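Chemist: generate a structure from the sequence data that follows.
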Amino acid sequence: MNDDKKLLHRYVKYFIQYINYQKNYSHYTVYAYSSDLNQFISFINRNVEAIDSESIRKYLFYLKEKNYHPRSIGRKIACLKSFFGFLVRKGYAKTNPTLLILSPKMPERLPVFLTIEEVERILNAANNKSQTGLRDRAIMELLYSTGIRVGELVSLRMEDINITDETIKVKGKGGKERVVPVGSYALNHLFEYFEKRDSRAGYVFLNKKNHRLTTRSVERMVKKYAKIAGINKKITPHIFRHSFATHMLDRGADLRTVQEMLGHSDITTTQTYTHITIRRLKDLYEKHYTAYKNIFSEHSSNNAG
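Modeler: So this is what the prediction gives:
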């Protein structure tokens, strides 16, 4: 490895430490950015000061030739922008070659959500009264009742639950804490699970060895109950978050309130769910308007006859 690449790898190491420990990026983002930057260094063959906007464009052209999805390319551009911005701020580079680089336009992708009937089917699929069964039902009830992320769920500790106020304290992205109300129905299922549990301290959700549950375990569990319930959609724990937000807005909840409950720093992220509710209203309108037109046409034909 030449000296230029060694220096770039050292800068990447500093950057990864920065987003991991100071910015508190998620483990997934840290891993993805590390992979993206190593790929970029493998492609580029210049020292940091010689990397210009043309170098970046050649790299992006290479990604397009390799048929990378626009969303993946967009993430890699965001990564490079963040990386070179960091280098300039720290004095490791004089200029930022990504300033004039635009991200590709993303096709609109609305979140997948469950209907209320589908949610009930998945929840009722976890009807085993064993400790594991009660835990699984409590997990899904809490995900749907609060809209919290799966990472936030597995990080919950017993002291984060306020029984009196019927709230939980959640540590979200960037280490930001928020208080989220919990429905009494979800709390009842939590109490059922706690009655079967040996430990009264530590993390709320434990595996059979009384260790903290992992996000991967929750993902597998949710897919299992979705299969039992006969739900054919792509099911992840995050779908409960999408469903929670969609159903809240469907029932007239204020957008700012939903934003606070979800822990979104930008309300435009929350507004995505309004697109779903608007689309559903349009679908319902078209369905009923078509039925009305058919009835009206029949009525007109009969009168004409």
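Chemist: need the residues that contact stretch 171-179.
Modeler: For stretch 171-179, contacts defined as CB atoms under 8 Å, 6 or more residues apart in numbering pick out 23-26, 149, 152, 155, 162, 167-170, 260-261, 263, 265. C-beta coordinates here come from the backbone N, C-alpha and C atoms, glycine included.
Chemist: can you give me the buried ones in that stretch?
Modeler: The neighbour-count check on stretch 171-179 (16 or more other CB atoms under 10 Å) flags 171-173, 178 as buried.
Chemist: quick one, helices of the stretch 151-300 of the chain?
Modeler: 184-196, 215-229, 238-250, 255-262, 267-304 (DSSP state H, counting those that start in this stretch).
Chemist: which positions in the shortest one come out as buried?
Modeler: It refers to helix 255-262. 258-259, 261-262.
Chemist: cool, the second one as well?
Modeler: Neighbour counts over helix 215-229 (16+ other CB under 10 Å) mark 215, 218, 221-222, 225-226, 229 as buried.
Chemist: mind putting those residues in TSV, distance to Arg241 included?
Modeler: Below are the buried residues of helix 215-229 laid out as TSV (distance: CB to CB, whole Å):
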residue	distance to Arg241
Thr215	13
Val218	12
Met221	16
Val222	12
Tyr225	16
Ala226	15
Ala229	18
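Chemist: ok, which pair from these is furthest apart?
Modeler: Using CB to CB, the two most remote members of the buried residues of helix 215-229 are Thr215 and Ala229, lying 21.1 Å apart.
Chemist: returning to what we had before: between the buried residues of helix 255-262, which is closest to Asp3?
Modeler: Leu262 (46.7 Å).
Chemist: measure stretch 43-59 end to end?
Modeler: 7 Å (CA to CA, to the nearest Å).
Chemist: one more: stretch 38-49?
Modeler: Across stretch 38-49, first to last residue, CA to CA, it's 18 Å.
Chemist: what pLDDT, on average, does that stretch get?
Modeler: Taken as a whole, stretch 38-49 has a mean pLDDT of 86.
Chemist: begin at 722, not 1, for the rest of this chat.
Modeler: Renumbered: residue one is now 722, and that last one reads stretch 759-770.
Chemist: contacts for it?
Modeler: 725-726, 728-730, 732-733, 772, 776, 780, 783, 797, 801, 808, 813-815.
Chemist: same thing but at 10 Å, please
Modeler: Applying CB atoms under 10 Å, 6 or more residues apart in numbering, the contact partners of stretch 759-770 are 722-730, 732-733, 771-773, 776-777, 779-780, 783-784, 797, 800-801, 804-805, 808, 813-816, 818.
Chemist: may I see the buried residues of stretch 915-931?
Modeler: 915, 918, 924-927.
Chemist: same deal with stretch 732-744?
Modeler: Of the residues in stretch 732-744, those buried (16+ other CB under 10 Å) are 732-733, 736-737, 739-741.
Chemist: returning to what we had before: now, of the contacts of stretch 759-770, which are buried?
Modeler: So, by 16+ other CB under 10 Å, the buried ones in the contacts of stretch 759-770 are 725, 729, 732-733, 772, 776-777, 780, 784, 797, 800-801, 804-805, 808, 813-814, 818.
Chemist: now, the residues you listed that are in helices?
Modeler: Among these, the ones falling in helices (DSSP state H) are 725, 729, 732-733, 776-777, 780, 784, 797, 800-801, 804-805, 808.
Chemist: need the three-state assignment for Glu770.
Modeler: Look at Glu770: counting by DSSP: H, G, I helix; E, B strand; the rest coil, its state is helix.
Chemist: domains of this protein?
Modeler: 724-811, 837-989 (automatic domain parsing).
Chemist: just so I know, which of those lies nearest Lys826?
Modeler: Within the domains of the chain, the stretch nearest Lys826 is domain 724-811; the backing value is 7.4 Å (CB to CB).
Chemist: what about the closest one, start to end distance?
Modeler: For domain 724-811, the end-to-end distance is 20 Å (CA to CA).
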